[in-house]
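J.: Below is the sequence, then the predicted model.
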Amino acid sequence: MFSSAVAWCSIAVASAGTPDLGWELLVTTAPETTARTCVDAPGLPDYLQGRYIVSGPARFETDNYKFQAIFDGFGKMNRFEVGGGSLCYTSAWLNTTFARESEKRGQAAGMIFEETIPPRSCPLTDPMCNMNVPGDNDWVNLIQIGDDTCLLTDATQMLKIDLETFETHDFKVWADDFTPSVGGGLGPVPSWLKSGHIGTAGSAHPTRRAGTNTYVDVLSEMGPVPGQSSFIDVYTFDASKAGPQNRTLVSRVKAKKTPYLHSFGVTPNYIILPINHAMAIPDMLHPTLMGGIVEHWEGVSVLDKDNKLHKFDTDPFYHFHVVNSFENATGVTMDVGAFDKTPVQKSGFMDIAMFLNKTVRDTNPIRNVVRRLHFHFSGPQTGEVTTEDFDQVADSASDLFRIHPGYEGMPYCIYYAMQWWADGENMASMAVVKHNVCTGVKTLWQQPNTYPGEPEMVPGPSGAEEDGVVMFLALDGEKRKSKLVILDAETFTELEVMELPSHIPFTAHGRFVPPAEGQSMVV
């Protein structure tokens, strides 16, 4: 185990009174949109110029029905304009096919995580009406490709959005788009998709090869039933190129079942694919992802620079997010948030009722460790995997990892993450953790009854790993409002805090978008 020391950079004492005060606001529908509101921010460093975008589910019920799963909520976008001595905040609901079609029908449309209350129904003339609705409730992530800003989820398409007006446009257009005869209602897929196969899922985390504008992405192919195998297709695209472009198929990795892969590892010479989830054939009348994404271990597939496939086996694990991957003298290493059972299940992390039940959420067994896996390509352990778990507070969990973008795919020391059970007992004991895996030192930002989101590291001009700022949203349960927090990345002291007019529920990945003429944003 890695040794550790912990430094505390904010209040870390229990608050008297009601425990977990304001926790329910994380799954409480947000107020209506906020017009552009600005405050002075003299503590910002001069180099920090751009927009911080963070979205999430923010409406959990309508007059006709309510969602049971947190991730099913209708998406809302939050934009912070950062720089010039000020911070400006604006919010807007995402205008998606999912939102429009759901409003038209009076019930949730398409594939969702859990069935609604009351359950949905389809007309007798179209009993599978939810199977051909594009999954574009894309509040999960964001990427810039040429002149396009695209919203992402684990779907096969990317949704274009204008960050000035918040207008959503059509899906990102590719030169090799093809509408198949089977599953075509879900949107176009690459023309190299095998005939008779269905593109079932993509990844919300296309990952850049270090030092390039080339991104690696994946697409799951479901084979004909019964019969042929399914595949995880690995492809690349150029994020600096404007307009339609072809996606380059790198490899088609055969799988026994249709794989599901939310994130993966990329280095200059390797692509690391942990195959630990599969997609089951959904209930065509009530399609849901809980129960549709299942545990399925096929080991770890690694593609080398010549696109040769190497298979490695180790103790099974399940994951949402990779911390980072890098190469060394004997092979390639991946650090990952490793669960011993799938996190894609009904639990205090994903189900609203369980999330609100303190006993249930505090005893939720779905927790992870940060695990280092080294895949040996040379030396006496060639073909083997060695593993080591980083030290952490007993019974805690962490996820939504971020590092300095200049170190992605390269050797690194520091990651930032959200942490739950920071006190080892209460899920709502949350913190933002800075973990130096080279020294074992951990630094926490934590305040009573305050629930932070994913930390985004924005680098400073020197390129040093700790030069920059860390920004994130935090919900203050006592004030019942959210705030934007900006920390010095090295000292973890607060540079600026912007209190917002109302609460923002759970959010996913925040991304800092530099000015248009700047370097493409790393995802």
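T.: It's in.
J.: so how far is residue 313 from the spatially closest residue to residue 113 that is not a sequence neighbour?
T.: Spatial nearest neighbour of residue 113, chain neighbours left out: residue 69 (3.5 Å); criterion: C-beta to C-beta, 6 or more residues apart in numbering. Any C-beta I mention is one placed from the backbone N, CA and C, and that applies to glycine too. Distance of residue 69 to residue 313, computed by C-beta to C-beta, to the nearest Å: 33 Å.
J.: Mind jotting down where the strands sit in the stretch 401-523 of the chain?
T.: Remark: strands assigned in the stretch 401-523 of the chain by DSSP state E, counting those that start in this stretch are 414-420, 431-436, 441-445, 450-452, 456-459, 468-476, 481-488, 494-499, 511-513.
J.: Give me the distance from the third one to the chain's centre.
T.: For strand 441-445, the gap between its own C-alpha mean and the chain's C-alpha mean amounts to 22 Å (C-alpha atoms, centre = their mean, to the nearest Å).
J.: Note down every partner strand of that strand and its orientation.
T.: strand 5-8 (parallel), strand 431-436 (antiparallel) (DSSP bridges).
J.: Ok, the fourth one next?
T.: Take DSSP bridges as the rule and strand 450-452 pairs in its sheet with strand 468-476 (antiparallel).
J.: for the record, mean pLDDT for the partner strand?
T.: Taken as a whole, strand 468-476 carries a mean pLDDT of 98.
J.: Quick one: end-to-end length of stretch 296-311, please.
T.: 15 Å (C-alpha to C-alpha, to the nearest Å).
J.: Pull out the buried residues from that stretch.
T.: Residues 296-298, 300-303, 310 are the ones in stretch 296-311 that count as buried (16 or more other C-beta atoms under 10 Å).
J.: Can you add pLDDT, distance to residue 434 and secondary structure and give the residues you listed back as TSV?
T.: As requested, these are exported to TSV (pLDDT from 0 to 100; distance: C-beta to C-beta, whole Å; DSSP: H, G, I helix; E, B strand; the rest coil):
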residue	pLDDT	distance to residue 434	secondary structure
296	95	34	coil
297	97	32	coil
298	96	34	coil
300	98	28	strand
301	98	32	strand
302	98	29	strand
303	98	32	strand
310	98	33	strand
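J.: one step back: where among the strands paired with strand 441-445 is average confidence lowest?
T.: Looking at the strands paired with strand 441-445, the bottom one is strand 5-8 with a mean of 50.
J.: Alpha carbons only: can I get stretch 30-47 in CSV?
T.: Output of stretch 30-47 as CSV, limited to C-alpha atoms (Å, rounded to 0.1, in the frame of the first residue of the first chain):
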residue,chain,number,x,y,z
ALA,A,30,-33.5,23.3,-9.8
PRO,A,31,-35.2,26.7,-10.1
GLU,A,32,-35.7,28.1,-13.6
THR,A,33,-32.8,29.5,-15.6
THR,A,34,-30.5,32.3,-14.3
ALA,A,35,-29.8,35.3,-16.5
ARG,A,36,-26.1,36.4,-16.8
THR,A,37,-25.0,37.5,-13.3
CYS,A,38,-21.5,38.9,-12.6
VAL,A,39,-19.3,39.6,-9.6
ASP,A,40,-15.9,41.0,-9.1
ALA,A,41,-13.1,38.4,-8.7
PRO,A,42,-9.8,40.2,-8.0
GLY,A,43,-8.2,37.0,-6.8
LEU,A,44,-8.1,35.3,-10.2
PRO,A,45,-4.7,34.9,-11.8
ASP,A,46,-4.2,36.9,-15.0
TYR,A,47,-3.7,33.8,-17.2
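J.: That stretch: which residues count as buried?
T.: 30, 34, 41, 44-45.
J.: try stretch 70-88
T.: In stretch 70-88, counting by 16+ other C-beta under 10 Å, buried: 70-83, 87-88.
J.: Which two among those are spaced furthest apart?
T.: Farthest pair in the buried residues of stretch 70-88 (C-beta to C-beta) is 72 and 83. Separation: 34.9 Å.
J.: Number of residues surrounding residue 61?
T.: 15 (other C-beta atoms under 10 Å).
J.: Tell me who's in contact with it.
T.: Listed by C-beta atoms under 8 Å, 6 or more residues apart in numbering, the contact partners of residue 61 are 29, 67.
J.: Can you tell me who it pairs with across the strands?
T.: Beta-bridge partners, per DSSP bridges, of residue 61: residue 66.
J.: distance of it from residue 28?
T.: Taken as C-beta to C-beta, the span from residue 61 to residue 28 is 10 Å.
J.: Do I have it right that residue 69 meets residue 345?
T.: No - using C-beta atoms under 8 Å, residue 69 is not in contact with residue 345; the gap is 10.8 Å.
J.: Can you name every helix or strand that the longest helix along the chain contacts?
T.: Scanning the chain for the longest helix, with DSSP state H as the assignment, gives helix 97-105. Applying 3 or more C-beta pairs under 8 Å, 6 or more residues apart in numbering; DSSP states H and E, one finds that helix 97-105 contacts strand 74-83.
J.: could you say what helices and strands the strand it packs on packs with?
T.: Using 3+ C-beta pairs under 8 Å, 6+ apart, strand 74-83 sits against strand 50-59, strand 86-93, helix 97-105.
J.: Contacts only, for residue 407.
T.: Here residue 407 is in contact with 324, 465 (criterion: C-beta under 8 Å, 6+ apart).
J.: quick one: it from residue 346, how far?
T.: In terms of C-beta to C-beta, residue 407 sits 36 Å off from residue 346.
J.: try residue 358
T.: For residue 358, the distance to residue 346 - C-beta to C-beta - is 17 Å.
J.: before we move on, what about residue 264?
T.: From residue 264 to residue 346 the distance is 25 Å (C-beta to C-beta).
J.: neighbour count winner among those two?
T.: For residue 264 versus residue 346, the count of surrounding residues by other C-beta under 10 Å is larger for residue 264: 26 against 16.
J.: my guess is the more buried one meets residue 322, correct?
T.: Yes - when contacts are counted by C-beta under 8 Å, residue 264 is listed as touching residue 322 (6.4 Å).
J.: overlap in contacts of these two?
T.: 205, 272.
J.: what about residue 69 and residue 345, which has more around it?
T.: residue 69 (22 against 16).
J.: Please work out how many residues are found near residue 463.
T.: 11.
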